[in-house]
Every structure is written in C-alpha cells, then in structure tokens.
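Novice: Show me the folded form of this:
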Amino acid sequence: MWFLQFAVGVIFIVHGWPKLKSKSPAFGIGGLIHGLIEVLGGVALIFGWYVREVALVFLIIMLGAIYMKKFKWNIPFSSHNTTGWEFDLILLAASMLLLVS
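Specialist: Numbering: from 1, shown residues only. Down below sits the predicted model:
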C-alpha cells in the first residue's frame, strides 16, 4: 500500500508544483491554493501522514477534474490529441482505495 501512496503523492506533487509557480492570472489565488493542497497532500501521502484525509481531498479534486473534462470541456475518455479523463479516473480509484484501506 505504501507504494500506491508514494506513486499518487509524486503524481500530485508533479501536477501541483506548476500551479504554485505559475504567474498566470488565470490561476489566481484559487490555483495557488489548489497547487498548495496538491503539493502538501502529495508530501503527506509519501510520508504516510493523514492518508485518509488526504485521499478524501484528492478524491474530491479528481471528481471535479473528471466533471470539468467530461461535461464542461467535452474531452473524451481517451484522446490522441490531449489527455482524456482516463488518467483522472485511475487517480480517483487510487484515492478511493487509500481512503477505505
């Protein structure tokens, strides 16, 4: 189970870090907070701190990501031109597993 925590933690750190560094006004304060949550949550998962709480937050983030991709941006499950929401689904499933185990 620790390897799953490690893998999910690294993925969220890698995806949250650019949000912290972004100077784009499109991200704004919400993007900064979102990035901070992803990076700190990723670190917490790697070290085994508050695993269930972080998993619940990541589960909510991934539900939001899937909703945006599927219903707002009309991105298909899998796509050759862009990242579909299949990656988000596997992170959702991993977060669910971390939450209930």
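
Novice: For residue 73, give its distance to residue 19.
Specialist: 18 Å (CB to CB, to the nearest Å). Bear in mind the C-beta positions are built from the backbone N, C-alpha and C, glycine included.

Novice: out of those two, which sits in the busier spot?
Specialist: residue 19 (19 against 10; other CB atoms under 10 Å).

Novice: Residue 41 and residue 51 touch, don't they?
Specialist: No: with contact defined as CB atoms under 8 Å, residue 41 does not reach residue 51; the gap is 10.0 Å.

Novice: what's the weakest-modelled helix or strand in the protein?
Specialist: Sorting the helices and strands of the chain by mean pLDDT, DSSP states H and E puts helix 28-47 at the bottom, at a mean of 90.

Novice: who does the helix or strand that that one is followed by touch, helix- and strand-wise?
Specialist: Per DSSP states H and E, the first helix or strand lying C-terminal to helix 28-47 is helix 51-67. Where contact means 3 or more CB pairs under 8 Å, 6 or more residues apart in numbering; DSSP states H and E, helix 51-67 is packed against helix 2-21, helix 28-47, helix 86-100.

Novice: now helix 51-67 and helix 28-47, what's the angle there?
Specialist: When axes from the mean of the first three to the mean of the last three CA atoms, to 10 degrees is applied, the directions of helix 51-67 and helix 28-47 differ by 130 degrees.

Novice: Give me the more crowded residue out of residue 41 and residue 51.
Specialist: More crowded of residue 41 and residue 51, by other CB under 10 Å: residue 41, with 25 against 20.

Novice: if I look at that one, how far off is residue 78?
Specialist: 26 Å.

Novice: Repeat that for residue 14.
Specialist: From residue 14 over to residue 78 (counting by CB to CB), the distance is 21 Å.

Novice: Next: residue 11.
Specialist: 18 Å.
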